[in-house]
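Participant: Show me how the following folds:
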Amino acid sequence: MRFDIITLFPDLFGPHLTQGITRRAFESGQVEVRVWPLRDFATDTYRRVDDRPFGGGPGMVMLAEPLERALAALQADRAAAGATSAPVIHFTPTGAPMTQALVRQMADAATSPGAVLLCGRYEGIDQRVIQRHVTLELSLGDFVLSGGELPALALLDAVARLQPGVLTAQSHEQDSFSDDGLLDCPHYSRPECLATPDGTTLPVPAVLLSGHHAQIARWRRDQSLAITLHRRPELIAAARAAGRLSRADEQTLALLLAGSAVKPSADTL
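Facilitator: Model (predicted):
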């Protein structure tokens, strides 16, 4: 799959593509990334890509014409390379939330052509470009960033880590928002007993040291349910509606709601 990125800050992307475990997806070509510096498509002496908004107001608006030229150039390049047409994604606080379900869909090499990632800046992009070209508008959450580059990097990372050979299958199968839609359980490693500077001793939950795989699996599931119920109860409702909760899950949830038995680990709240 191929991702084409239109941005005013192309240098933000290079380090991400060569660092960490996700670099495997980029180095192998499983996820191809091409960056298109928007100023290359400005035609005036000052390489202007923005101007004051009609109607007045603060800030600047990214101009339609350089964006139109950039989109035309990358679409021609994709066609010449034999790449299929791809959705154009615009990152904006007014967009739909980016979800793991969407990431999984975009990460499927058998069906996904990748995407064109449109990284806005300033007060935003001329609406006519959005109306003409944008397939999907996405947001990382209910907050405002200075541009679309960080959301684009987040999407690339999320897609890359799902490619075969980047992580073990079990690693992303246990992710939050995976097939069951719940949040992940807490994880522990050495030492078995952590001595803190204030003299407190924090042991690993005994069940994780028991070697009893069924009990460990149940503990992890119960913790996942407890954390999800505490932090994102709407995900419990969605999992229930989709038939993803077992009878044992419902028993755990009933105990949690009654205020007895399973509690999420204190350090995960």
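Participant: Are we agreed that Val116 is in a strand?
Facilitator: Yes - when DSSP: H, G, I helix; E, B strand; the rest coil is applied, Val116 is found to be in a strand.
Participant: roughly how far apart are it and Pro66?
Facilitator: From Val116 over to Pro66 the distance is 15 Å, taken as Cβ to Cβ, to the nearest Å. Where C-beta positions appear, they are placed from N, C-alpha and C, glycine not excepted.
Participant: And for Glu250?
Facilitator: 56 Å.
Participant: Also Thr7?
Facilitator: 12 Å.
Participant: what residues are shared contacts of these two?
Facilitator: Shared contacts of Thr7 and Pro66 (Cβ atoms under 8 Å, 6 or more residues apart in numbering): Leu38.
Participant: Please tell me how far stretch 52-71 is from the chain's geometric centre.
Facilitator: The chain centre lies 27 Å from the centre of stretch 52-71; the measure is Cα atoms, centre = their mean, to the nearest Å.
Participant: can you check stretch 213-220 too?
Facilitator: That offset, for stretch 213-220, works out to 28 Å (Cα atoms, centre = their mean).
Participant: go on, stretch 224-233?
Facilitator: 20 Å.
Participant: now stretch 246-260
Facilitator: That offset, for stretch 246-260, works out to 30 Å (Cα atoms, centre = their mean).
Participant: tell me which residues of it are tucked away?
Facilitator: Asp249, Thr252, Leu253, Leu255, Leu256 (16 or more other Cβ atoms under 10 Å).
Participant: Over to stretch 226-238?
Facilitator: Result for stretch 226-238 [16+ other Cβ under 10 Å]: buried residues Ala226, Ile227, Thr228, Leu229, Arg232, Leu235, Ile236.
Participant: who's in contact with the fourth one?
Facilitator: Counting by Cβ under 8 Å, 6+ apart, Leu229 touches Ile236, Leu253, Leu256, Leu257.
Participant: Inside strands: which ones of those?
Facilitator: Assignment to strands by DSSP state E places none of the contacts of Leu229 there.
Participant: What is the nearest of those residues to Asp40?
Facilitator: Closest approach to Asp40 among those (Cβ to Cβ): Ile236, at 48.8 Å.
Participant: Kindly provide the distance from that closest one to Ala242.
Facilitator: Ile236 is 11 Å from Ala242, by Cβ to Cβ.
Participant: Run me through the strand neighbours of the longest strand along the chain, direction for each.
Facilitator: What stands out as the longest strand in the chain, according to DSSP E, is strand 88-97. Strand pairing for strand 88-97, determined by DSSP bridges: strand 114-118 (parallel), strand 136-139 (parallel).
Participant: Sort out which residues of stretch 33-40 are buried, please.
Facilitator: Residues Val33, Arg34, Val35, Trp36, Pro37, Leu38 are the ones in stretch 33-40 that count as buried (16+ other Cβ under 10 Å).
Participant: oh, I was asking about stretch 138-158
Facilitator: 138-140, 145, 147-149, 151-156, 158.
Participant: Span of stretch 194-211 from start to end?
Facilitator: End-to-end distance for stretch 194-211, by Cα to Cα, to the nearest Å: 20 Å.
Participant: now that stretch, how far from the centre of its chain.
Facilitator: The mean C-alpha position of stretch 194-211 is separated from the chain mean by 32 Å, Cα atoms, centre = their mean.
Participant: How about stretch 227-236?
Facilitator: Counting by Cα atoms, centre = their mean, stretch 227-236 comes out at 19 Å from the chain centroid.
Participant: And for stretch 10-29, what's in contact with it?
Facilitator: 5, 7, 30-33, 35-37, 149, 152-153, 156-157, 159-161, 163, 165-167.
Participant: Counting only strands, which of these make the cut?
Facilitator: Going by DSSP E, the strands hold Ile5, Thr7, Glu32, Val33, Val35, Trp36, Pro37 from the contacts of stretch 10-29.
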